[in-house]
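Enquirer: quick one, structure for this:
(2 chains)
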Amino acid sequence: ETGVTQTPRHLVMGMTNKKSLKCEQHLGHNAMYWYKQSAKKPLELMFVYSLEERVENNSVPSRFSPECPNSSHLFLHLHTLQPEDSALYLCASSQFTGQGVGGYTFGSGTRLTVV
Amino acid sequence: GENVEQHPSTLSVQEGDSAVIKCTYSDSASNYFPWYKQELGKGPQLIIDIRSNVGEKKDQRIAVTLNKTAKHFSLHITETQPEDSAVYFCAASTNGDDKIIFGKGTRLHILP
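Expert: So this is what the prediction gives:
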């Protein structure tokens, strides 16, 4: 257990489904991230939330919608996904100060399969 | 923006030998360089990091070196063991930035 918990661990969904991934951190960190990990692009940054405000959206398709209701929770809402969206989705948290970010703590990821 | 290159993509070493993974970065303002280990079925875990005011850091069998002039940094694992088999990622971050840029990873195999 790293202090960052992701649920579910595995998810199979059809292209017309709507589902959500959940991430929770108990480390008191103020920044949270979503990464997509696939064979083609091992660690692809999707979204950055710093102090609950989305500060970066790396040209992610609108079928992925993030939500950060507070500094401890992060969601990724999924709808009308494509088979190429199948990947491991990793959440991470970090402590961001004016001098920059410290090391990330990652969750174990959600293995998503789109059928 | 920052770009991190990592080599090799795959590395096989005999148990007990040393392994070296090398990375380069492009942004001279980068000042924080963490290394992550990812085992099967798990997320990446921070194993060691170094800041730009230090040239070398060691923690038991792992060490990291940084050459700011050449913008190179490397991970050294000595006396490798089967449990060292994993994917290793280098990364870089710039002062004041709120994210880390990762290399593409090195799959390390420890051969019996």
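Enquirer: the residue in chain B positioned nearest to chain A in helix, strand or coil?
Expert: The minimum distance from chain B to chain A, using C-beta to the nearest C-beta, falls at B:Gly43 (3.4 Å). Placement of C-beta: from N, CA and C, glycine included. Here B:Gly43 is coil, with the state taken from DSSP: H, G, I helix; E, B strand; the rest coil.
Enquirer: hang on, it packs against A:Phe106?
Expert: Yes - B:Gly43 sits in contact with A:Phe106 when judged by C-beta atoms under 8 Å, with a separation of 3.4 Å.
Enquirer: more neighbours, these two?
Expert: Each of B:Gly43 and A:Phe106 has its neighbours counted (other C-beta atoms under 10 Å in any protein chain shown); A:Phe106 has more, 27 against 22.
Enquirer: beta partners for that one?
Expert: A:Ala92 (DSSP bridges).
Enquirer: ok, the closest residue to A:Met46 other than its chain neighbours - contacts?
Expert: Closest residue to A:Met46 apart from its sequence neighbours, by C-beta to C-beta, 6 or more residues apart in numbering or on different chains: A:Trp34 at 4.3 Å. Listed by C-beta atoms under 8 Å, 6 or more residues apart in numbering or on different chains, the contact partners of A:Trp34 are A:Cys23, A:Leu45, A:Met46, A:Phe47, A:Pro66, A:Leu74, A:Leu76, A:Tyr89, A:Leu90, A:Cys91.
Enquirer: from the residues you listed, which has minimum pLDDT?
Expert: Across the contacts of A:Trp34, the smallest pLDDT goes to A:Leu45, namely 90.
Enquirer: quick one: that one and A:Asn58 touch, right?
Expert: Yes - if you go by C-beta under 8 Å, A:Leu45 and A:Asn58 touch, sitting 5.2 Å apart.
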